[in-house]
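Colleague: Curious how this folds, go ahead:
(chains A and B)
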Amino acid sequence: MADLTAAAPAAAAAATAASAATLTTADGRPLKAALAAAQARAKRRAFLLVAPLLAFVVLTFIIPIGQMLDRSFHHDGFSANAPAVSAWFAENAQGTEPDEAAYAALAEDFKAMRENRTAGEAGTRVNYTLPETRSLFTKTARNADDLAPPFKEAFLAIDDRWDDAAVWQAMRSSSSAYTADFYLAALDMERAEDGSIRRVEENGRIYIYLFAKTFLVSALITLICLLLAFPVAHLLATLPMAKANLLMILVLLPFWTSLLVRTTSWIVLLQGEGVVNELFIALGLIGAEGRLQMIYNQLGTIIVMTHVLLPFMILPLYSVMRVIPPSYARAARSLGATSWTTFRRIYLPQTLPGIGAGSLLVFILAVGYFITPALVGGADGQLISNLIDFHMKNSNWSMAAALSAMLLAGVLVLYWLYDRLVGIDNLKLG
Amino acid sequence: MALPIYASPLERIWHYTYLVLCTAIFIFLISPILVVIPLSFNAEPYFTFTEAMLTFDPAGYSLRWYDALLTLGMQAPEAIRDGAWWSDMWENSTWVRAAKNSIIVGFWATILATVLGTLAALGLSRPEMPYRRVIMAILISPMIVPIIIIATGLFFFYSNPCSIIGTECGRLTSTYLGVILAHTTLGIPFVIITVTATLSGFDQSLIRASASLGASPSRTFFKVVMPLILPGVVSGALFAFVTSFDEVVAVLFIAGPDQQTIPRQMWNGIREAISPAILAVATILVVISICLLATVELLRRRSERLRGVTPH
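Modeller: Residues are numbered from 1 along each chain as shown, chains lettered A, B, ... in the order given. Predicted structure coming up:
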């Protein structure tokens, strides 16, 4: 600041002299350098204000998520607990039949695992790649004392799956701490016995279906929100300010009300013995036998999520519509356009920024929704977040991490798009 | 909005259809929130209006569900309601304890988020801020990233927070500090958004004027900047508080039995046998949100008046 104020008289002096080659400040420094130093200082000051929060967010948000994502491709449960057989895999190329040396290495590992009680850990890792192998590991570890040369026969005596090529392939892909297996599983794929990648059987394909369903349901909710928000936002934007503010409260109140309260209310309204069914019966629309099942299914998820996300669509639409000059529409009408043409050619194009902002925001929030589907979704209303929760509850952490990584990637692409098209600065709350 | 004088009959019909449609959407928005209020006074354990309620028979209404809220978890709920009963309730009632936890966590999370967020917003709204766009995107991201991903990440991180420096130390799971830090992170985007919005209308020359009149930077901040951005800061703080007060997923993942909050209790109540006592809680929360909304609206108007933005 001081440099800048000093610069003004100096510049004036330089101008009157008109002889100086470069402009300097009062204390003789070149003006350009002084300005650059002042700007650098202002930059540093601004950054220092942001730094504490940035450090906080990195520590409590970025690092935890980074660590979690690390689990999606890093799992040393097998490689750390079975080092001997992992070394054998490293020495022998893909496709080598397991020889006596391999079985001997495995026996050595099993004896160590029995001692350290880590067979479950190693088995868990192999189980990810080939289901139902964890029990094979724990069973073999229990009988590890019986393992004596010839090792192959000793292993087969414990369980005849030990010469199954699939088991050996699963161990091979587990023998490296870094793996893409969890992502393969999250894409409904698996490794065949020869190490090639193939899709899992038809009835085992759940993840891609659920991802597709999550995106479709979110798109549907976004569309419904848009259809419901458009007339309301238009009404609010064209009413006089005092009335609009009053009606705005009806939009903002749901926004401020606890999500769990709103979910509870919808359960009360929609359940079999609930208010809506009783009302329909009283009106004679349905019989007492024909109560509608509107909650604890996909319909329930869609109704409640639409209600929850509707304000996020109304607010950006409203802020765009409010500044559209009504004279444009009047001009179009006076030039002979019908009201429909006026709407389609004049009004709608001007609302596009609001439509884009609201739709992207609602879609982003819907894709990651967890609470509502978990509470009112029943069996068929679950989304991808609920599956992540399911894997977390079953301590299937790497799988949860891989699914989280894929969901996160999708959300971040949408977020980037939002920033490019709308700009985060334009995010408004009420 | 009035119908223009030259509207054709078809346009008139459409106009009234449109008004009916808007009314229906407003009812869709507001009725779920209002319907729980009368139902929470139901004398019967039903979730629908009984005949007595519809005929406004006083016998159809009661405060039994509010009473049930207080007595749940008490050691001697049937005792005479003297001082001992009230202290028993204050100490042991499940919902009272949940409310205390919610307020403790919400209070500290709000303070942290507001202080850090306001400082950052001041930096972000300076024109010379470097990497503004990227930093803003990072600071807003806790609002965008699905909560289940955040909760999962925190669950692992909190079980050994020192793993980032390669050592072991205590855990943050099942601690108040852990829940407070998590809720602070979730509240920060709201503070940033509201305070930067307030600052966007802030006249930077006021700072230079204050400095030229000899005020120190801190005096300028407290005497000039703070009074003008205070409405935005308070709205941001309220947003952060509501975010914490309504948060359940992070609590599900990282809190222990001692940190059960109101949303966590509601989650249990909804998942297990849903009883009208939940509606009593819901009613209390609706009343709180009405008060908060009113506060924020008043602040917004005050802020617009201060900044000379006249409502048109």
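Colleague: Is residue A:138 in a helix, a strand, or coil?
Modeller: Counting by DSSP: H, G, I helix; E, B strand; the rest coil, the backbone at residue A:138 sits in helix.
Colleague: Touching, it and residue A:117? I think so.
Modeller: No. Look at residue A:138 against residue A:117 with CB atoms under 8 Å: they stay out of range, at 9.9 Å. Any C-beta I mention is one placed from the backbone N, CA and C, and that applies to glycine too.
Colleague: And the two? Which one has more around it.
Modeller: residue A:138 (16 against 10; other CB atoms under 10 Å in any protein chain shown).
Colleague: where along the chain do the strands fall?
Modeller: You didn't pick a chain, so chain A it is. In chain A, the strands defined using DSSP state E lie at A:189-191, A:197-199.
Colleague: let's do chain B instead
Modeller: Taking DSSP E as the criterion, chain B contains no strands.
Colleague: what bits of it have low per-residue confidence?
Modeller: Scanning chain B for pLDDT under 70 picks out the ranges B:1-2, B:306-312.
Colleague: mind giving me the domain split of it?
Modeller: B:1-38, B:40-92, B:95-306 (automatic domain parsing).
Colleague: what about those, which gets the closest to chain A?
Modeller: domain B:95-306 (2.4 Å; CB to the nearest CB).
Colleague: From the chain's centroid, how far away is that closest one?
Modeller: Here domain B:95-306 shows a centroid-to-chain-centroid distance of 9 Å under the convention CA atoms, centre = their mean, to the nearest Å.
Colleague: now the strands of chain A as JSON lines including mean pLDDT?
Modeller: Below are the strands of chain A laid out as JSON lines (pLDDT from 0 to 100):
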{"stretch": "strand A:189-191", "mean pLDDT": "79"}
{"stretch": "strand A:197-199", "mean pLDDT": "81"}
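Colleague: Most tightly packed of those?
Modeller: Stretch with highest mean neighbour count among the strands of chain A: strand A:189-191 (a mean of 19; mean count of other CB atoms under 10 Å in any protein chain shown).
Colleague: From the contact counts, what lies against that one?
Modeller: Judged by 3 or more CB pairs under 8 Å, 6 or more residues apart in numbering or on different chains; DSSP states H and E, the packing partners of strand A:189-191 are helix A:165-174, helix A:181-186, strand A:197-199.
Colleague: Provide the strand pairings for the shortest one, with the direction of each partner.
Modeller: Applying DSSP bridges to the sheet, strand A:197-199 is found paired with strand A:189-191 (antiparallel).
Colleague: now the partner strand, how far from the chain's geometric center?
Modeller: Distance of strand A:189-191 from its chain centroid, counting by CA atoms, centre = their mean, is 24 Å.
Colleague: list the contacts for residue A:111?
Modeller: A:144, A:147 (CB atoms under 8 Å, 6 or more residues apart in numbering or on different chains).
Colleague: Could you report the separation of it from residue A:100?
Modeller: Separation of residue A:111 from residue A:100 (CB to CB, to the nearest Å) stands at 16 Å.
Colleague: likewise residue A:360?
Modeller: Counting by CB to CB - residue A:360 and residue A:100 are separated by 61 Å.
Colleague: What lies in contact with stretch B:76-93?
Modeller: By CB under 8 Å, 6+ apart, stretch B:76-93 touches B:69, B:70, B:71, B:72, B:73, B:74, B:75, B:96.
Colleague: Which one (most neighbours) among these?
Modeller: residue B:69 (23 neighbours).
Colleague: Touching, that residue and residue B:99? I think so.
Modeller: No. Counting by CB under 8 Å, residue B:69 sits too far from residue B:99 to count as a contact (9.6 Å).
Colleague: nearest residue to residue A:293 other than its sequence neighbours?
Modeller: Nearest residue to residue A:293 in three dimensions, chain neighbours excluded: residue A:272, at 7.0 Å (CB to CB, 6 or more residues apart in numbering or on different chains).
Colleague: would you put the C-alpha positions of stretch B:177-189 in CSV?
Modeller: Provided in CSV are the C-alpha atoms of stretch B:177-189 (Å, rounded to 0.1, in the frame of the first residue of the first chain):
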residue,chain,number,x,y,z
LEU,B,177,-13.9,-34.1,18.8
GLY,B,178,-14.3,-36.5,15.9
VAL,B,179,-17.9,-35.7,15.4
ILE,B,180,-17.3,-32.0,15.8
LEU,B,181,-14.5,-32.0,13.2
ALA,B,182,-16.6,-34.0,10.7
HIS,B,183,-19.6,-31.6,11.1
THR,B,184,-17.3,-28.6,10.8
THR,B,185,-16.1,-29.9,7.4
LEU,B,186,-19.7,-30.4,6.3
GLY,B,187,-20.7,-26.9,7.4
ILE,B,188,-17.9,-25.0,5.8
PRO,B,189,-19.3,-24.8,2.2
